[in-house]
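[1] sequence unknown, structure follows:
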């Protein structure tokens, strides 16, 4: 191929790339680019990201443009002679000063945004988020807006998503598949929410992109961050740390309500919790039939145990089978209860997550499902 033809072909390829490249990039812009936030600090982060991105784009175009231009028009076949120079003060000053100016231009807004993001003072609400394998536990610790202090609950993958994700389920995927929960966090719009993150077992990470918040949850440590949503709505996130087998199944859902809506939610949630405590206290002294315990136990098992031990109790990998196991058949009921409530090995303790009735029900279910048929009926009064 002649030099002139090569030049024309390279020029054509370059022109095609310049024309089609931006169009192809912008077609996937919304999915490839950083998520825009509904909080001011998050928008500051986004603007900073875009500033750095365009600086890199301009620098890349200039640098590679010069390189490509030099390759095409100053190649040996055209008789170009390389220049020989050494210790050119002007060139050295220019290529040192320009990057320095760029770095300072980036460093000033970056430092300002970082300091603001780390400032968790003067928060209106404080929520502690504790990661478990594989769910989140929430405690409302402080509240200057309403009366949510003392609210406590566990948030797990929604039943619809959990059912659909099972191997061989053959069910239509629900809306917000793997990004929906049974219990949402609720916060008021326009208020500063401080989030304390920790973990009960392994390292997790609390991440909600639209709220511009992402923080590791480490056992034995308390990390803190904050967000202030400027718009009502529902914002979804998930654990962003590889925390084990079901890492992909512990989403986060934050619902931002009006201040009045938040106050009503807090009052209703506390009333519901008080009612549940009273019901649990009454249940602890009540005697249940086998059918009642089996029905409730299956629900508890499907929500908390099925992911590891399987729908048929056959287990798999590092997770032992319950079907025909010594623990669930010939072993003492007290040992079975202890393992559920205190955990064993990589199995987390469920004593803080389940009521006495739930522990009794799931123990009964595991001792009588899948052909175990021990006939054991465990009552809440047997659960310490």
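    Perfect, thanks for sending it. Nothing here was measured: the structure is a model prediction, and the numbers come from that model.

[2] Please, where are all the helices along the stretch 201-350 of the chain?
    In the stretch 201-350 of the chain, the segments counted as helices under DSSP state H, counting those that start in this stretch are 259-283, 290-304, 306-309, 333-342.

[3] Show me the one of the ones you listed that comes nearest residue 248.
    Smallest distance to residue 248 across the helices of the stretch 201-350 of the chain (Cβ to Cβ): 10.9 Å, for helix 306-309. Just so you know, the C-beta spots here come from the backbone N, C-alpha and C atoms, and that holds for glycine as well.

[4] contacts for that closest one?
    134, 162, 166, 245-246, 249, 315, 319-322, 347 (Cβ atoms under 8 Å, 6 or more residues apart in numbering).

[5] can you check stretch 262-280 too?
    For stretch 262-280, the external contacting residues (Cβ under 8 Å, 6+ apart) are 140, 143, 145-148, 150-153, 186-188, 257, 355-357.

[6] Apply 6 Å and report the result again.
    146-148, 151, 186, 188, 355 (Cβ atoms under 6 Å, 6 or more residues apart in numbering).

[7] ok, now stretch 368-380?
    283-284, 287, 290, 312-313, 323, 328-329, 333, 356-357, 360, 363-364, 367.

[8] ok so, going back, residue 59: which of the contacts of helix 306-309 is nearest?
    Using Cβ to Cβ, these come closest to residue 59 at residue 249, 41.5 Å.

[9] Which strand residues bridge the nearest residue to the closest one once chain neighbours are set aside?
    In this structure, residue 249 finds its nearest non-sequential neighbour in residue 157, 4.9 Å apart by Cβ to Cβ, 6 or more residues apart in numbering. Counting by DSSP bridges, residue 157 is bridged to residue 181.

[10] ok so, going back, buried ones among the contacts of stretch 368-380?
    Applying 16 or more other Cβ atoms under 10 Å to those, the neighbour count classes 283, 313, 323, 328-329, 333, 356-357, 360, 363-364, 367 as buried.

[11] The residue nearest to residue 293 when sequence neighbours are not counted and residue 342, how far apart?
    Nearest non-adjacent residue to residue 293, counting by Cβ to Cβ, 6+ apart: residue 364, 4.1 Å away. Residue 364 sits 18 Å away from residue 342, going by Cβ to Cβ, to the nearest Å.

[12] what's the burial count for residue 80?
    By other Cβ atoms under 10 Å, the residues close to residue 80 number 11.

[13] An error on my part: the question was meant for residue 62.
    10.

[14] For it, pull up the helix or strand it's in.
    helix 40-73 (DSSP states H and E).

[15] Name the next helix or strand following that helix along the chain.
    Defined by DSSP H and E, the subsequent element after helix 40-73 is helix 89-117.

[16] buried stuff in that following helix?
    For helix 89-117, by 16+ other Cβ under 10 Å, it's 110, 117.

[17] Show me what the helix or strand that comes right after that helix pairs with in its sheet, parallel or antiparallel.
    Sequence-wise, the next helix or strand downstream of helix 89-117 (DSSP H and E) is strand 125-132. Here strand 125-132 has these sheet partners by DSSP bridges: strand 135-143 (antiparallel), strand 193-199 (parallel).

[18] And the average pLDDT for the first one is what?
    If you average the pLDDT over strand 135-143, you get 95.

[19] The following helix or strand past it packs against which elements?
    Per DSSP H and E, the first helix or strand lying C-terminal to strand 135-143 is strand 152-155. With contacts taken as 3 or more Cβ pairs under 6 Å, 6 or more residues apart in numbering; DSSP states H and E, strand 152-155 sits against strand 135-143.

[20] Just give me how far the strand it packs on sits from the chain centre.
    16 Å (Cα atoms, centre = their mean, to the nearest Å).

[21] again with stretch 99-110
    31 Å.

[22] now swap in stretch 183-198 and tell me
    15 Å.

[23] in that stretch, what's buried?
    Result for stretch 183-198 [16+ other Cβ under 10 Å]: buried residues 184-198.

[24] which residues touch the residue nearest to residue 137 when sequence neighbours are not counted?
    Closest residue to residue 137 apart from its sequence neighbours, by Cβ to Cβ, 6+ apart: residue 130 at 4.2 Å. Residues in contact with residue 130 (Cβ under 6 Å, 6+ apart) are 137, 198, 200.
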